[in-house]
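S.K.: I would like to see how this sequence folds:
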Amino acid sequence: MVTGGNTNDCTRFTAVMEAIRVPRIGPGRPRVRPDHVLGDKGYSSKAIRTWLRRRGIPHTIPERADQIRNRARRGSRGGRPPAFDREAYKHRNVVERCFNRLKQWRGIATRYDKTTESYEAAVTLASLLMWA
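M.R.: Model prediction:
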């Protein structure tokens, strides 16, 4: 999903998750639920965690410092901190490295393209060249 550069990624989280379609090798409908979601602190909101929990999708998202302080300030009413698996979180760097490699293309990093279609085409072309 392509948005403006000034739009937070977390605002489009549910739209991206609902657009997931992974085709199966054999017959059957495509998969629509990931096995696990890894996210950075930008995705640490109560709404996102609730959305994932309702769908039974395990997630590893660190808490922001202000959320930790607010929970501590509330004392026993603040609840328990969400589970966090450090070993699983280490695998998030694969995605970040991919973004960094894509941003080596000046047109992708600065979004020179005027239309969504041409920007998506540039990202696809750069991804194919990186893969080859």
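S.K.: Can you give me the pLDDT of Lys103?
M.R.: If you check Lys103, the pLDDT there is 90.
S.K.: wait, what's in contact with Gly28?
M.R.: Contact partners of Gly28, counting by CB atoms under 8 Å, 6 or more residues apart in numbering, are absent. From N, CA and C alone the C-beta is placed, and that goes for glycine too.
S.K.: Surely it is in a strand?
M.R.: No - Gly28 is assigned coil when assessed by DSSP: H, G, I helix; E, B strand; the rest coil, not a strand.
S.K.: Distance of it relative to Arg74?
M.R.: Separation of Gly28 from Arg74 (CB to CB, to the nearest Å): 46 Å.
S.K.: any idea of the mean pLDDT for stretch 22-33?
M.R.: On average, stretch 22-33 scores 90.
S.K.: Tell me which residues of it come out buried.
M.R.: By 16 or more other CB atoms under 10 Å, stretch 22-33 has no buried positions at all.
S.K.: Now do the end-to-end distance for it.
M.R.: Its first and final residues considered, stretch 22-33 spans 9 Å by CA to CA, to the nearest Å.
S.K.: for the chain, what are the low-confidence residue spans?
M.R.: Along the chain, segments meeting pLDDT under 70 are nowhere present.
S.K.: for it, what spans make up the strands?
M.R.: Along the chain, counting by DSSP state E, strands occupy 37-38, 59-60.
S.K.: Can you list the strands that the first one pairs with?
M.R.: The one in question is strand 37-38. According to DSSP bridges, strand 37-38 forms sheet pairs with strand 59-60 (parallel).
S.K.: which outside residues touch the strand it pairs with?
M.R.: 36-39, 49, 52, 83-85, 88-89.
S.K.: chain center to that strand, what's the gap?
M.R.: Distance, stretch centre to chain centre, for strand 59-60: 11 Å (CA atoms, centre = their mean, to the nearest Å).
S.K.: what about stretch 34-48, how long is it end to end?
M.R.: Terminal residues of stretch 34-48 lie 15 Å apart, using CA to CA.
S.K.: Return the set of buried residues in that stretch.
M.R.: Buried residues in stretch 34-48, defined by neighbour count with 16+ other CB under 10 Å: 37-39, 43-45, 48.
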